[in-house]
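1. sequence and predicted structure are below.
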Amino acid sequence: MSNIVEISGLNKNYGNFELRDIHFSLPEDCITGFIGINGAGKTTTIRTMLGLAHQDSGQIKIFGKDIKKHGRELKNRIGIVLDEGCFYDELTMAEMKSIIAPAYSRWNEKDYKNNMDRFSLHSNQQISTLSKGMRMKFALTLALSHQADLLIMDEPTSGLDPLIRIEMLEILLDYMKQGGKGVFFSTHITSDLDKVADMLILINQGEILFEEDKDVLMDSHRVVKGKGHHLNDENRELFLTIQETHFGFTGITNQLAQVQASLREDIIIERPTIEDIMLAYVRGGKHHVIASS
Ligand SMILES: Nc1ncnc2c1ncn2[C@@H]1O[C@H](COP(=O)(O)OP(=O)(O)OP(=O)(O)O)[C@@H](O)[C@H]1O
């Protein structure tokens, strides 16, 4: 499987925030979820990847080509959906489309019309009157109408109701069926990734904490619950994060065999959600004692 995107040694300093030595790759035929809490650096990474924000150092290759040298050619092959959907509010969707379409050599009017129909959008409606969900659908329509080989989206499902979110996720799955494509999207709604993601990348405080196949990640972590008096300094170290109350503990581990060997009795083992794993790494190393009421 070849990589559509390869990022190495990417640094960017805003003064109050820094992206530090960002490395990751996006394989072909994969939907990759880019996760992290508010302010982790998702938007900054995406904007830097796309050449919309200046990078201090590092290399960004998309389809094997350097974004700095081949920006125009590469953007032709990328469908972009950004958080705010950069549209002129006073225009209709048809007018906005006629500004955007000429920028793409492979613009396909038929795809545009089909996507507008699919989303029940009417071209002559003014952009200022669109709801948040409709704006997002319009942004996705544009991104999908120029035969892009890679979709990069910043929080595309944020603020959307569950029905629209499901529709968007189905569209992404349909898009991937063409083969040879890639999708990279940031989100803090990790339940969306349970449904569609193949790969997950976690960023925290400007650093990548993991880049992993979703199934491997889910199979290698477990939530363990048990009685607090079985814990000691040694077995606490087997957990990425652990919460203790008077009644017992709940921890996340990626060393289940050792936990089972150490805590033989009375433990409950459950599969974690992506959110459990994300929070375990973000809070990693912290030991939480929650006072019971
Ligand atoms: N133009 C800028 N100038 C200075 N600081 C910036 C700028 N843009 C972003 N930042 C800072 O970079 C940090 C990361 O922001 P970013 O928007 O990348 O996070 P995020 O992971 O996308 O968060 P969210 O999920 O809240 O959108 C924040 O502390 C933010 O204040």
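-> Perfect, thanks for sending it. Numbering: from 1, shown residues only.

2. how about Met278, what does it touch?
-> Listed by Cβ atoms under 8 Å, 6 or more residues apart in numbering, the contact set of Met278 reads 35-37, 190, 202. Every C-beta, even on glycine, is put in place using the N, C-alpha and C of the backbone.

3. again, only using 10 Å
-> Taking Cβ atoms under 10 Å, 6 or more residues apart in numbering, we find Met278 in contact with 35-37, 40, 188, 190, 193, 200, 202, 204, 209-210, 272.

4. among the residues you listed, which are in reach of the ligand?
-> 36, 40, 188 (Cβ under 6 Å from any ligand atom).

5. hang on, the earlier thing: which of the contacts of Met278 lies closest to Val223?
-> Out of the contacts of Met278, the one with the shortest distance to Val223 is Pro272. That distance is 4.9 Å, counting by Cβ to Cβ.

6. contact residues of the stretch 1-150 of the chain facing the ligand?
-> For the stretch 1-150 of the chain, the contact set with the ligand under Cβ under 6 Å from any ligand atom comprises 14, 16-17, 36, 38-44.

7. give me that answer again for 5 Å
-> Proximity of the stretch 1-150 of the chain to the ligand is assessed by Cβ under 5 Å from any ligand atom, with 14, 17, 38-44 identified as the residues in range.

8. now the two most distant members of these.
-> Among those, the pair separated by the greatest distance (Cβ to Cβ) is Tyr14 and Asn38, at 15.5 Å.

9. of those two, who's got more company?
-> More neighbours sit around Tyr14 than around the other of Tyr14 and Asn38, counting by other Cβ atoms under 10 Å; the figures are 11 against 6.

10. pLDDT at the more buried one, what is it?
-> Tyr14 is assigned a predicted lDDT (pLDDT) of 94.

11. among the residues of the stretch 1-150 of the chain next to the ligand, name the ones in helices.
-> The subset of these located in helices under the criterion DSSP state H comprises 42-44.

12. surely Val259 is in contact with Leu240?
-> No. Using Cβ atoms under 10 Å as the test, Val259 is too far from Leu240 to be in contact (11.3 Å).

13. shared neighbours, the two?
-> When contacts are counted by Cβ under 10 Å, 6+ apart, Val259 and Leu240 are jointly contacted by 251, 253.

14. list the contacts for Glu167?
-> Glu167 sits next to 118-119, 133, 137, 140, 160-161 when contact means Cβ under 10 Å, 6+ apart.

15. check which residues of the helix or strand harbouring it are buried.
-> Secondary structure assignment for Glu167, by DSSP states H and E: helix 162-176. Within helix 162-176, the residues that qualify as buried by neighbour count (16 or more other Cβ atoms under 10 Å) are 164-165, 167-169, 171-172, 175-176.

16. show me which of the residues you listed is closest to Ile67.
-> For those, the closest approach to Ile67 (Cβ to Cβ) belongs to Tyr175, at 21.8 Å.

17. quick check: closest non-adjacent residue to the closest one.
-> Using Cβ to Cβ, 6 or more residues apart in numbering and skipping the chain neighbours, the partner closest in space to Tyr175 is Lys181 (6.1 Å).

18. just checking, that neighbour touches Glu28?
-> Yes. Taking Cβ under 10 Å as the contact criterion, Lys181 and Glu28 are neighbours in contact, 7.4 Å apart.

19. okay, and the common contacts of these two?
-> Shared contacts of Lys181 and Glu28, defined by Cβ under 10 Å, 6+ apart, are found at 4, 149-150.

20. ranking those by neighbours, who comes first?
-> Most neighbours among the shared contacts of Lys181 and Glu28, by other Cβ under 10 Å: Ile4, with 25 neighbours.

21. where do the helices of this structure begin and end?
-> In order along the chain, the chain carries the following helices (DSSP H): 42-49, 67-75, 93-100, 109-118, 132-143, 162-176, 190-196, 214-219, 233-236, 256-262, 274-282.

22. what mean pLDDT does the shortest one have?
-> Pointing back at helix 233-236 there. The pLDDT scores in helix 233-236 average 89.

23. any residues touching that helix, and which ones?
-> Around helix 233-236, the neighbours that count as contacts under Cβ under 10 Å, 6+ apart are 226, 242, 244, 249, 251, 253, 255, 258-259, 261-263, 287.

24. what about 6 Å?
-> Where contact means Cβ atoms under 6 Å, 6 or more residues apart in numbering, the residues beyond helix 233-236 that reach it are Ser262.
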